[in-house]
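J.: how does the following fold in three dimensions:
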Amino acid sequence: MITENAPAKINLALHVRARRADGYHELETLFAFVADGDTVTLEPGPLSLTITGPFAHGLSGEGDNLVTRAARAFADRFGVAVGGALTLDKHLPVASGIGGGSADAAAALRALARLHEIAIDDPRLFEIAAALGSDVPACLLGRTAMGQGRGERLEALEGLGGMAALLVNPGVAVSTAAVFKAWDGVDRGPMPPGDVLAMALGGRNDLEAPARALAPAIDAVLDALAIGDPLLARMSGSGATCFALYADEAERAAAAARIRAAWPAWWCLETRLL
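T.: Sure, this is the predicted structure:
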């Protein structure tokens, strides 16, 4: 059995620069990953997908799941038989702005590459990833990076490994397409210069305003995370998950305890950056 982690992705900053003629948007985004997420396992057998875990409800291993799409695309690109009994242990909320489906597809690609003794940095894997979705290449890389284009043009960066992080979701699923459609079309400028922390602190998430208009619960999450003076509190991706970064684990634990006491129904993950 081959096991691959599918860590949650966060966008430390996400600048939308323009709408493109192909229906996508021109982005500059600072990707980072945390230590926790979903898990994908691969065993011999016909192609199948079993979904377990706390967020398995409402998901199906049948049909057009990104994990099985990744497996079929892998087989087609590398000329191998379609197969693999895949299990997705789902711990990340669905449609939440932290790349859950993209991370799962990337983990499936890595597992299949290991099975077939293909290097993880093989350019063909990244071609498959880009065809599956804009965040899949970053999740395949799995480390801090600047993403441009749709997010698929990646430059690996020295990250903030070990920094305490808290992820919070109010239990609201947000449509990525709806959030991008609601973007006001204003180019607010490029990513600032400096190291990753400087870029994150000086950056922004241009999707935050339209997401907050569509899902006002995000306002409450950001207000809650702002208490206690974190280094940074921001929405990730197209929402509704938000994150905060802390100077130490004690500050993170205090924030998590406060939020769990006040909003026990919210999903709250204490973790660290990779």
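
J.: beta partners for residue 89?
T.: residue 39, residue 52 (DSSP bridges).

J.: my guess is it contacts residue 37. True?
T.: No - with contact defined as Cβ atoms under 8 Å, residue 89 does not count as touching residue 37 (9.7 Å). The way it works is simple: take the backbone N, C-alpha and C, and place the C-beta from them, glycine included.

J.: the more surrounded of these two?
T.: residue 37 (25 against 19; other Cβ atoms under 10 Å).

J.: ignoring the adjacent residues along the chain, who's closest to that one?
T.: residue 7 (4.0 Å; Cβ to Cβ, 6 or more residues apart in numbering).

J.: helix or strand for the one you found, which one?
T.: Per DSSP states H and E, residue 7 falls inside strand 2-19.

J.: domain parsing for the protein?
T.: Per automatic domain parsing, the structural domains of the chain span 2-156, 164-272.

J.: now render the ones you listed as a markdown table, adding mean pLDDT.
T.: Below are the domains of the chain laid out as a markdown table (pLDDT from 0 to 100):
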| stretch | mean pLDDT |
| --- | --- |
| domain 2-156 | 96 |
| domain 164-272 | 97 |
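
J.: show me what the longest helix that the chain contains is packed against.
T.: Counting residues, the longest helix found in the chain (DSSP state H) is helix 100-115. Contacts defined by 3 or more Cβ pairs under 8 Å, 6 or more residues apart in numbering; DSSP states H and E place helix 100-115 against strand 2-19, strand 25-43, helix 66-78, strand 85-89, helix 123-132, helix 136-141.

J.: sorry, back to before: so the residue nearest to residue 37 touches residue 104, yeah?
T.: No - shown here, residue 7 and residue 104 do not form a contact pair, counting by Cβ under 8 Å, at 10.7 Å.

J.: compare the two (neighbour count), which wins?
T.: A direct count of neighbours by other Cβ under 10 Å for residue 7 and residue 104 places residue 104 higher, at 29 against 25.

J.: isn't that one right next to residue 88, touching?
T.: Yes - because the distance of 5.6 Å satisfies Cβ under 8 Å, residue 104 is recorded as touching residue 88.

J.: need the overlap of contacts for these two.
T.: Listed as contacting both residue 104 and residue 88 by Cβ atoms under 8 Å, 6 or more residues apart in numbering are 38, 40, 67.

J.: residue contacts, the nearest residue to residue 20 once chain neighbours are set aside?
T.: Leaving aside its sequence neighbours, residue 20 sits nearest to residue 26 (Cβ to Cβ, 6+ apart; 5.8 Å). Listed by Cβ under 8 Å, 6+ apart, the contact set of residue 26 reads 16, 17, 18, 19, 20, 148, 149.
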